[in-house]
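K.L.:
quick one, what's the 3D model for this:
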Amino acid sequence: MADTNTMILSSTIESLIESKKYSTLKDIFVTLRPMDIAIVLGELGVKRLPLMFRLLPKELAAETFIEMDPDEQQLLIRGFSDAELKEVVDELYVDDAVDLIEEMPANVVKRILKTADPEMRRTINELLNYPEDSAGSIMTTEYVSLRPDMTAEEAIKRVRRGAVDKETIYTCYVTDKNRKLVGYVTLKSLILAEDDTEITDIMGTDTIYVTTTDDQEEVANTFSKYDLSALPVVDKESRLVGIVTVDDAIDVMEEEATEDIEKMAAITPTDKPYLKMSPFALWKARIPWLMLLMVSATFTGLIISSFESALAKWVALTAFIPMLMDTGGNSGSQASVTVIRALSLGDLEFSDFFRVVWKELRVAVLCAISLAVVNFVKIGLVDVLLMGNTSISVSINLVVCITLAFTIVVAKLVGCALPLLAKKIGFDPAVMASPFITTIVDALSLLIYFQVAKVLLGL
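P.N.:
Numbers count the residues shown, from 1 in each chain. The predicted structure is shown next:
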C-alpha cells in the first residue's frame, strides 16, 4: 500500500511540475513526512531536484535533506549558495551534521564547516575525534540537563526554554555541579509532580548509560534490551557529554545487520545501496573473497588427488562426494549462523564456549543419526533398486552413511566454535560464517570419507 501511494504521489508531482504549479507543490510538500519527500525528490532526477528542494520551508528542508542519499545531498550542496547551505546546516541536529560530513568528500566538508556557526563547528570537530563506530561518534550533544535541587516548576521552565533546539525532551538527565550524571527524570514525572517538588525526590538513580568509547553495536543492543528512547553517554569521569537517540540506534542496527549479512556471504561491506553501486564497485566488493575461497578450495583438490587411485578402484564413492560436502557445509552454516546471531544480540560470551559446544554436540549427534539412517535407506531403495546402480554395495553404503554422520558432528562443532574464537581474539564473528566454514568442512569431510573407506573397504 505504501509503495502504491508513493507511486501515485510521484505521478501527481510530475504532473504539477509539468504544469509549473509550484504553489500547489509547496502545499503538498508541507503535508508530507520528510522521508516521503526525500523518496519523491530522489525520483525526479538531477535537473528537477534542486528546484523542488527550494520549495520546502526551512525546517522541513533540513529534515528532508538528512533523509536523502549522499549523492543527492552532494548534488544539492554543490548548487547551494553559502547562505542557503547555512540555512540547512543551522537546522540540523549535531549528530545529523556529523553523519552528513562523514559521507561527503573533503571539498564539500570544508564548505559545510565554513558555513556552520562557531559553536556547531566546535561540537562537530569534537564528535569527529571519537573513534569510528563508537558511542561518541553517533551521539548528539543536544539534550536537556537538570540539577537535583531544582523544583519541578523550574525544571519545566528550563525544558520549555530549550526544547526547540533539543532532539528529544521526553527523558531529561540530572547532573551535579561537575556535570556528573546522577539520575534521570521523565517529562511525564515532571508534569505530574507538584510545582515545589525537588527533582531529587522524583528522579530515578538506576540510570543506564554508556561511555564514549563503547562500540555502537553494544549501544544498539542496550536500546533493544531495555526498550529505551534515549541513552546518556558519559566520559571517563562519568560526566554527561551527550545522548544517543533511538533513531540513531535503529540506523546502527540496520548497518550492523547489513554488514554481517554481507560478510556471511563473503562480500566486503559497503555503505552504498545496491542500486547506487556500479558493476565495478560490486566487483571490487566480491572478488577478494571469491579469490580467497577459490585458492582455499585447492586443498580439497589436493585431498581428492591424493586418493585418486582409491577412487579409480571404487568409482561409486565419487558420486557421493558432493552430497557429503554440501551436507557438511550446511550443517556448519546452521551452527555458525545461530551462534553469530546470539553473539550479536549479546546472548553469548566466550565464557559460554563449553556450554555451546556441549549443546551443539548433542544436536549434531541427533542430526547425524537421523540423516545417516535416512540416507542408508535412500541409497538402498533409490540408488540401488530404483536406479539399478549395482556398483553400490552395502559396504559402500555404510562408508557413505558413517562419513555423513561424522561429517555432521565435526561441521557443527567447527561451526559453533570458530565464531566464538573469532570474537575472543577480536575478529568479527560474521567473517567465520558460511563460506569460510564451508571451505574448512569440505576438506575435513573428504579426509573423513577416505579414512572411513580405508578402514571398511581396505583402500
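K.L.:
which residue lies nearest the spatial centre of the protein?
P.N.:
Residue closest to the mean C-alpha point of the chain, counted by Cα atoms, centre = their mean, is residue 256 at 1.6 Å.
K.L.:
packing partners for the helix or strand that contains that one?
P.N.:
For residue 256, the host element (DSSP states H and E) is helix 246-264. Secondary-structure packing of helix 246-264 (3 or more Cβ pairs under 8 Å, 6 or more residues apart in numbering; DSSP states H and E): helix 216-226, helix 321-344. Glycine gets a C-beta too; all of them are placed from N, C-alpha and C.
K.L.:
which residues does the residue lying closest to residue 117 once chain neighbours are set aside contact?
P.N.:
Sequence neighbours aside, residue 90 is the residue nearest to residue 117 in space, at 6.7 Å (criterion: Cβ to Cβ, 6 or more residues apart in numbering). Residue 90 makes contacts with 62, 116-117, 120, as judged by Cβ atoms under 8 Å, 6 or more residues apart in numbering.
K.L.:
farthest-separated two in those?
P.N.:
Using Cβ to Cβ, the contacts of residue 90 span at most 14.2 Å, a distance reached by 62 and 117.
K.L.:
what about these two, which has more around it?
P.N.:
Taking neighbours as other Cβ atoms under 10 Å, residue 62 and residue 117 compare with residue 62 leading, 20 against 11.
K.L.:
pLDDT below threshold where in the protein?
P.N.:
Applying pLDDT under 70 to the chain picks out residues 1-6, 261-276, 289, 310-312, 431-435, 459.
K.L.:
what are the structural domain limits within it?
P.N.:
Domain assignment for the chain, taken from automatic domain parsing, gives 2-129, 145-253, 297-457.
K.L.:
quick one: which of the ones you listed is nearest residue 139?
P.N.:
The minimum distance between residue 139 and the domains of the chain falls on domain 145-253, with 3.5 Å, by Cβ to Cβ.
K.L.:
relative orientation of whatever helix or strand residue 291 lives in and helix 246-264 in degrees?
P.N.:
Element membership of residue 291 [criterion: DSSP H and E] is helix 279-296. Angle of helix 279-296 versus helix 246-264, following axes from the mean of the first three to the mean of the last three Cα atoms, to 10 degrees, is 50 degrees.
K.L.:
which SSE is immediately downstream of helix 279-296?
P.N.:
Downstream of helix 279-296, the first helix or strand assigned by DSSP H and E is helix 298-306.
K.L.:
alpha carbons of that next one, as CSV, please.
P.N.:
Listed next in CSV are the C-alpha coordinates belonging to helix 298-306 (Å, rounded to 0.1, in the frame of the first residue of the first chain):
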residue,chain,number,x,y,z
THR,A,298,42.8,-26.1,-3.7
PHE,A,299,43.2,-28.1,-0.5
THR,A,300,40.1,-30.1,-1.3
GLY,A,301,41.5,-30.8,-4.8
LEU,A,302,44.8,-32.0,-3.3
ILE,A,303,42.9,-34.4,-1.0
ILE,A,304,41.0,-35.8,-3.9
SER,A,305,44.1,-36.1,-6.0
SER,A,306,45.9,-38.0,-3.2
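K.L.:
helices or strands up against that helix?
P.N.:
With contacts taken as 3+ Cβ pairs under 8 Å, 6+ apart, helix 298-306 sits against helix 434-457.
K.L.:
right, I'll call it a day here.
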